[in-house]
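J.: what follows is a predicted structure for the sequence shown.
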Amino acid sequence: MEVRAARALEVGEWPMVFETLVRLDESGRVQPALAISWRHDASGQRWQFRLRPNMKFHDGSPLAGEAVAAALGANGWTCGTAGPEVVVQTGAPVAVAEFADARRAVFVRGSDGSLQGTGPFRLAQWESRRATLAANEDYWAGRPFLDAVAIEMGRTAQQQLLNLELGKADLIELGPNDVRRAVQSGARIWTSAPVTLMALRFERGRPAAEDAKLREALALSIDRAAILNVLLQRRGEAAGGLLPQWLSGYAMLFSAARDAARARQLVTGAPLLSLASDPADALARTIADRIAVNTREAGIRLLTQAGGNADLYLVRARIAPPVAGPALARLAASLEVSDLFHVSGPGLESLYAGERALVEEFRVIPLFHLPEIYGASPRLKTWATPGLARTGEWRLDDLWLDSELP
Amino acid sequence: MLRLILVLLGLAAAPEDSVRELARKIAAALAPREAVALSVRNASSLAPAEVAGVRREVENQLRAGNFTLAADAPTTVAVTLSENWQGGVWIAEIRHGDKRDTVMVAPARPRERAAATPMGIDRQLILEQPEPILDAVALEDLLIVLEPDEVVFYGRKDARWERRQAIALPQRVWPRDLRGRLTIEGDSLQAFLPGLACKGKVQSEPALECGESDAPWPAGAPLAKGRNYFEAEKLPPFYSAARVGEYSLAAGMDGRTQWFDNATAATGSFAGWGSDIAAVETGCGGGRQVLATRPGDSTDTDAVQAFEMTGRRPTAVSPAVEFSGPVTAMWPAGPASAVAITRDLKTGQYAAFRISLTCSR
């Protein structure tokens, strides 16, 4: 297995290593995981979970209620135990699905300081660009089929494709433009739901960022549909809002349509703006160049650059499911607009109103919702569940290798 | 207060309660005895009968609240039955002139997936109209519809499709069982009709040039002259085809679906599928599935179901999604979905649906 970058292993966000009290299945339904049952009070602020019996961390230490309470308490909740149950006081009403959030994963530090989880794989080795996972022989849902998984990081797309073609890698991360070549080499394509937001973010404090009409004009000038069709090979969705449709259910209320005429009406004599993108992200640089062409047609000149300080940035922000509200709050934080995000009450209406108010500030301009795409070698098989969850998480415990194929 | 907590905790209300709740929220945004124009659009996996039931109940609730329903009323109430991955999201947009209110409710999950099948099948209505639809390609902000006489371009306006432009096709006397296909790659658009091929660009001002052609359709073969099936060398005539790994499937004229290997040698056949099939690649289960219609004729209702090929036999991997009339065409639409065109037996309306699969366990 080979991927370009690991996602935040340091904070326990690998569900195949670190588990949560509950998990969500592919249809978003809550299923037991470390907890086998739960209940809550009428306000949804006090939760009691009964843990799966006889569970152990990877280092053999027992999964005790106190350890679970300590892990969950690190997130700002007040946690303790009551007999065989873990009690969580959240301080605000939450849905049970929020206990499936990877940030709520349960882990302890071993005697050597390493993180110990309970998942189907244990972390056997961790180096700067390589991680090795080993099967957890005692996993509560059954030992994984694979004995071990080696994860290589920091490889270019070309290197990964070559390794897949040569049989040196069984699962690689793909960009939209790599899919055709991967398919031609016999790979199967695994795609998640859109879990990454690509957006433009204005740099606070710069004169351009404080011109509301300029921000709106820039948003209206971008031809998302053309970029999606050509540069992104239709792998994703044009985004008018921050959350994707599959997560919010209301994303179609945000328009992502171009209106260059309206953009031209809003601004005249706009200053030259700088747009920076990640130097290591070739696709982002190409998209930035295309955006500059779009905005020029609307009378806004953009100078694109690879990295460095700029008036605005083309950024990718990971959308962290499973629940729309917390996902939107985290998205706002990662885009540095938390101060503009306010939700007046519970429910989707309030969330929608908060998101609309944030989007209509145009300090962040949503562009696309992009899926995770992986190429799997023909010999990599799945049993009951897909190797890639809808949420973009790897599900390696149901994978096996067909040894008859090269 | 109780209702708020239930929604908040994800314990969504039962559908009938949700309809009443939605109607109550709509009423709260209206003036007493106000006349409204109500529309209901389905953007979820609800079946047409369920959508009709929601509409009926919203109408009943509004009438019971002394509101008047009138198609030409200046105040509009646009109800969209949407969903996210955890359940339904029903939205009503109430417009009084420039003022707009948006209210929502979260009903219970529209339908439990069949436990015996590992995947769900989702149907999203793209467009419904009285004119025949041969094929439709829906992009984010652009919808292109192939009709017998023209190619129609729609743009999005306020979450709805608005007709923007139509390009007339060359006049022909078409077969009664006309078929047509649209493909789009990057900025290039192609339309295929019997004996006719059109090429164009999808830009701010779309253009199309058509000419006589017997070139192969995207199915890999040309349509037989004057007929509604494909003909290819070494293959018997077929209505539609799907590629599954190193094999191809072709829905033949004898009602059987045949297996072919790379050398187009028939390796077997089976019955039970209709004449329209399309391959999809989902990453679920075995990775590749085939969507197939049900056997029947144009007077029957139809259904689409997903199958995986195991031991060269089809195994159903999703429940069947039912339609209120025959599926007149089904074509692949991107790697993971297909577009199905249906004709409602009662209303005669044509509809284009996007069909996709979800991994449900």
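T.: Cool, got the structure.

J.: and the residue in the stretch 101-250 of chain B positioned nearest to chain A, how many neighbours?
T.: Residue of the stretch 101-250 of chain B nearest chain A, by Cβ to the nearest Cβ: residue B:140 (3.5 Å). The way it works is simple: take the backbone N, C-alpha and C, and place the C-beta from them, glycine included. For residue B:140, the neighbour count with other Cβ atoms under 10 Å in any protein chain shown is 20.

J.: which SS class is it?
T.: Using DSSP: H, G, I helix; E, B strand; the rest coil, the structure places residue B:140 in coil.

J.: how many other residues sit next to the nearest residue to it once chain neighbours are set aside?
T.: Nearest residue to residue B:140, sequence neighbours excluded (Cβ to Cβ, 6 or more residues apart in numbering or on different chains): residue A:238, at 3.5 Å. Using other Cβ under 10 Å, residue A:238 has 26 neighbouring residues.

J.: which single residue in chain A comes nearest to chain B?
T.: Taking Cβ to the nearest Cβ, chain A has residue A:249 as its residue nearest chain B, at 3.0 Å.

J.: per-residue pLDDT of that residue, please?
T.: On the pLDDT scale, residue A:249 is placed at 94.

J.: next, find the distance separating it from residue A:214.
T.: Separation of residue A:249 from residue A:214 (Cβ to Cβ, to the nearest Å): 32 Å.

J.: the residue of the stretch 101-250 of chain B closest to chain A and residue A:224 touch, don't they?
T.: Yes: counting by Cβ atoms under 8 Å, residue B:140 touches residue A:224, with 6.4 Å between them.

J.: identify the contacts common to those two.
T.: Common contact partners of residue B:140 and residue A:224 (Cβ atoms under 8 Å, 6 or more residues apart in numbering or on different chains): A:238, A:256.

J.: need the residues of the stretch 201-350 of chain A near chain B, please.
T.: By Cβ under 8 Å from any Cβ of the partner chain, the residues of the stretch 201-350 of chain A that approach chain B are A:224-226, A:228-230, A:234, A:237-238, A:245-250, A:252-253, A:255-258, A:322-324, A:345-349.

J.: what's the residue of the stretch 101-250 of chain B closest to chain A sitting at in phi/psi?
T.: With angles defined as degrees, to the nearest 10, residue B:140 sits at phi -60, psi -50.

J.: below-threshold pLDDT in the stretch 1-150 of chain A: ranges please.
T.: A:1-13 (pLDDT under 70).

J.: pull the residues that contact the stretch of helix or strand residue A:181 belongs to.
T.: Here residue A:181, judged by DSSP states H and E, is contained in helix A:179-184. Residues outside helix A:179-184 that contact it (Cβ under 8 Å, 6+ apart): A:161, A:164, A:172, A:174, A:189, A:233, A:235, A:373, A:375, B:335.

J.: got a markdown table for the residues you listed, with distance to residue A:48 too?
T.: Formatted as a markdown table, those follow (distance: Cβ to Cβ, whole Å):
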| residue | distance to residue A:48 |
| --- | --- |
| A:161 | 50 |
| A:164 | 47 |
| A:172 | 43 |
| A:174 | 43 |
| A:189 | 43 |
| A:233 | 48 |
| A:235 | 43 |
| A:373 | 40 |
| A:375 | 44 |
| B:335 | 45 |
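
J.: looking at the residues you listed, which are in strands?
T.: Using DSSP state E, the members of the contacts of helix A:179-184 that fall in strands are A:172, A:189, A:373, A:375.

J.: which strand residues bridge the second one?
T.: So that's residue A:189. residue A:375 (DSSP bridges).

J.: I'd assumed residue A:375 was in contact with it.
T.: Yes: judged on Cβ under 8 Å, residue A:189 makes contact with residue A:375 at a distance of 6.1 Å.

J.: residue 24: what's it in contact with?
T.: No chain in the question, so chain A it is. Counting by Cβ under 8 Å, 6+ apart, residue A:24 touches A:30-31, A:97, A:100, A:321-322, A:391, B:86.

J.: not what I meant, chain B
T.: Residue B:24 sits next to residue B:61 when contact means Cβ under 8 Å, 6+ apart.

J.: where exactly do the helices run in the stretch 301-406 of chain A?
T.: With helices called from DSSP state H, counting those that start in this stretch, the stretch 301-406 of chain A shows them at A:324-334, A:348-359.

J.: which elements pack onto the last one?
T.: In terms of contact count using 3 or more Cβ pairs under 8 Å, 6 or more residues apart in numbering or on different chains; DSSP states H and E, helix A:348-359 is assigned the packing partners helix A:245-248, helix A:324-334, strand B:99-105.

J.: centre of the chain to it, how far?
T.: Put simply, helix A:348-359 sits 21 Å off its chain's centre (Cα atoms, centre = their mean, to the nearest Å).

J.: list the buried residues of stretch B:291-307.
T.: B:291-294, B:302-307 (16 or more other Cβ atoms under 10 Å in any protein chain shown).

J.: go on, stretch A:55-75?
T.: For stretch A:55-75, the neighbour count (16+ other Cβ under 10 Å) marks A:55, A:57-58, A:63, A:65, A:67-69, A:71-72 as buried.

J.: quick check: which of those are also close to chain B?
T.: Okay, of these, nothing touches chain B (Cβ under 8 Å from any Cβ).

J.: could I get those residues as JSON lines with secondary structure?
T.: Converted to JSON lines, the buried residues of stretch A:55-75 look like this (three-state DSSP):
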{"residue": "A:55", "secondary structure": "coil"}
{"residue": "A:57", "secondary structure": "coil"}
{"residue": "A:58", "secondary structure": "coil"}
{"residue": "A:63", "secondary structure": "coil"}
{"residue": "A:65", "secondary structure": "helix"}
{"residue": "A:67", "secondary structure": "helix"}
{"residue": "A:68", "secondary structure": "helix"}
{"residue": "A:69", "secondary structure": "helix"}
{"residue": "A:71", "secondary structure": "helix"}
{"residue": "A:72", "secondary structure": "helix"}
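
J.: which residue does chain B bring closest to chain A?
T.: Nearest residue of chain B to chain A: residue B:89, at 3.0 Å (Cβ to the nearest Cβ).

J.: list the contacts of the closest residue to that residue other than its chain neighbours.
T.: Leaving out its chain neighbours, the residue that sits closest to residue B:89 by Cβ to Cβ, 6+ apart is residue A:249, at 3.0 Å. Contact partners of residue A:249, counting by Cβ under 8 Å, 6+ apart, are A:324, A:348, B:82-84, B:88-89.

J.: again, only using 10 Å
T.: Neighbour list for residue A:249: A:243, A:324, A:348, A:352, B:43-44, B:80, B:82-91, B:104, B:106 [criterion: Cβ atoms under 10 Å, 6 or more residues apart in numbering or on different chains].

J.: for residue A:223, same thing?
T.: Going by Cβ under 10 Å, 6+ apart, residue A:223 touches A:229-230, A:238, A:256-258, A:260, A:290-291, A:293-295, A:297, B:141, B:203-204.

J.: can you do 6 Å?
T.: Residues near residue A:223 by Cβ atoms under 6 Å, 6 or more residues apart in numbering or on different chains: A:258, A:294.

J.: okay, and residue B:18 sits in which element?
T.: Taking DSSP H and E as the definition, residue B:18 sits inside helix B:15-28.

J.: mind listing what's buried in that helix?
T.: B:15, B:18-23, B:25-27.

J.: chain B: helices as residue ranges?
T.: Taking DSSP state H as the criterion, chain B contains helices spanning B:2-8, B:15-28, B:48-64.

J.: buried set for the longest one?
T.: Think helix B:48-64. Neighbour-count burial for helix B:48-64 [16+ other Cβ under 10 Å]: B:48, B:50-51, B:54-55, B:57-58, B:61-62.

J.: can you redo those residues as CSV with pLDDT and distance to residue A:144?
T.: As requested, the buried residues of helix B:48-64 are exported to CSV (pLDDT from 0 to 100; distance: Cβ to Cβ, whole Å):
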residue, pLDDT, distance to residue A:144
B:48, 80, 43
B:50, 84, 40
B:51, 87, 43
B:54, 91, 44
B:55, 93, 49
B:57, 92, 49
B:58, 94, 49
B:61, 93, 52
B:62, 94, 55
